[in-house]
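**Q** Here you go, sequence then predicted model.
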Amino acid sequence: MGLIALCAIAAAVAFVGSMPIAGPVAVLTLARAAVGRFGDALRIGLGAAVAEGIYAGVAFWGFATFLARWRLVTPISRAASGILLITLGVRFVFWRPAKAETREDHRAGTALLGFSISALNPTLLVTWSAIVAFLYSRGLDQSSPVLAVPFGLSAGAGVAMWFLCLVSLLRSFRRRLPQAAFRWAIRTAGLALIVLGIVAAVKFVRWMTHPGARAEVNGARSGQANIHGTDRGRTNRTILAG
């Protein structure tokens, strides 16, 4: 698989994966666009694109060893995403447009908001690690870690392209849709965020209360220690034999 094909796949997966409106960044974008703050809406999406591009690049760089060595990434990411999704969901369930909300926030501030929301959602790292592992299972040759840079840039570009399209559509149809449609769409999406957050939290609690899951993590660590110890023993024997 060539570099161009790899980057095209990363961009396409990121574009399609950003479409669900139940995502926290998408709901934030919709809420800003609903009151005519399209610049803020776009900058939130672009900030999120940067964070997701970084996660995609990190996943490509270390997919073969990162999740295997750090089994705690998955349960911790579930706990963090559960807190994040429930908090944002409660906020959007009671969302209503402000009467005098016409000015736009500081440009860097809104971009940083989108970046922070995605950066605080480590399930993106798990998701992109699974995507990269799938690519390797489908014939992707062992590649240089340097390719993580264009892979991450392409993923970020795919996310950015989707939010550019979304904001353009919202700008075109905002005046044709009643304000109540936006309000109930945002509140429904907020309810979906709460449900997703509860599901993530339940999975984390099950992991905490299930002895076998924690034993698996400890076993993985012990296995790694044994492997490293065996490697060091082989190295020492080689030195002595030489």
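**A** Looks like it came in fine.
**Q** Please point out which parts of stretch 86-100 sit buried.
**A** Neighbour-count burial for stretch 86-100, counted by 16 or more other Cβ atoms under 10 Å, picks out Ile86, Leu88, Gly89, Arg91, Phe92, Val93, Trp95. C-betas here are computed from N, CA, C, even on glycine.
**Q** Name the spans of this protein whose pLDDT lies under the cut-off.
**A** Across the chain, the ranges flagged by pLDDT under 70 are 1, 22, 63-74, 97-108, 138-144, 211-242.
**Q** coming back round to it: go through the buried residues of stretch 86-100 and say which is closest to Val159.
**A** Nearest to Val159 among the buried residues of stretch 86-100 is Leu88, at 17.9 Å by Cβ to Cβ.
**Q** looking at it, the closest one is touching Gly190, isn't it?
**A** Yes: counting by Cβ atoms under 8 Å, Gly190 is a contact partner of Leu88 at 7.3 Å.
**Q** overlap in contacts of those two?
**A** Residues touching both Leu88 and Gly190 (Cβ atoms under 8 Å, 6 or more residues apart in numbering) are Val27.
**Q** got the contact list for the residue nearest the centre of the chain?
**A** Centroid-nearest residue in the chain: Leu124, 2.7 Å away (criterion: Cα atoms, centre = their mean). By Cβ under 8 Å, 6+ apart, the residues touching Leu124 are Ala51, Glu52, Tyr55, Ala56, Ser118.
**Q** Redo the residues you listed as a markdown table? Include distance to Ala80, secondary structure and neighbour count.
**A** As requested, the contacts of Leu124 are exported to a markdown table (distance: Cβ to Cβ, whole Å; DSSP: H, G, I helix; E, B strand; the rest coil; neighbours: other Cβ atoms under 10 Å):
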| residue | distance to Ala80 | secondary structure | neighbour count |
| --- | --- | --- | --- |
| Ala51 | 14 | helix | 21 |
| Glu52 | 15 | helix | 29 |
| Tyr55 | 13 | helix | 24 |
| Ala56 | 18 | helix | 29 |
| Ser118 | 12 | helix | 25 |
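**Q** Tell me the one of those nearest Arg175?
**A** Closest to Arg175 out of the contacts of Leu124 is Ser118 (29.7 Å), distances taken as Cβ to Cβ.
**Q** need the contact list for the closest one.
**A** Going by Cβ under 8 Å, 6+ apart, Ser118 touches Val25, Gly47, Ala48, Ala51, Glu52, Tyr55, Leu124.
**Q** and the first one, how many neighbours?
**A** By the other Cβ atoms under 10 Å criterion, the neighbourhood of Val25 contains 24 residues.
**Q** Mind listing what's buried along the helix or strand Ile131 falls within?
**A** Using DSSP states H and E, Ile131 sits within helix 123-137. Neighbour-count burial for helix 123-137 flags Thr123, Leu124, Leu125, Val126, Thr127, Trp128, Ser129, Ile131, Val132, Leu135 (criterion: 16+ other Cβ under 10 Å).
**Q** From the chain's centroid, how far away is that helix?
**A** In terms of Cα atoms, centre = their mean, to the nearest Å, the centre of helix 123-137 is found 11 Å from the chain centre.
**Q** go on, stretch 185-192?
**A** 19 Å.
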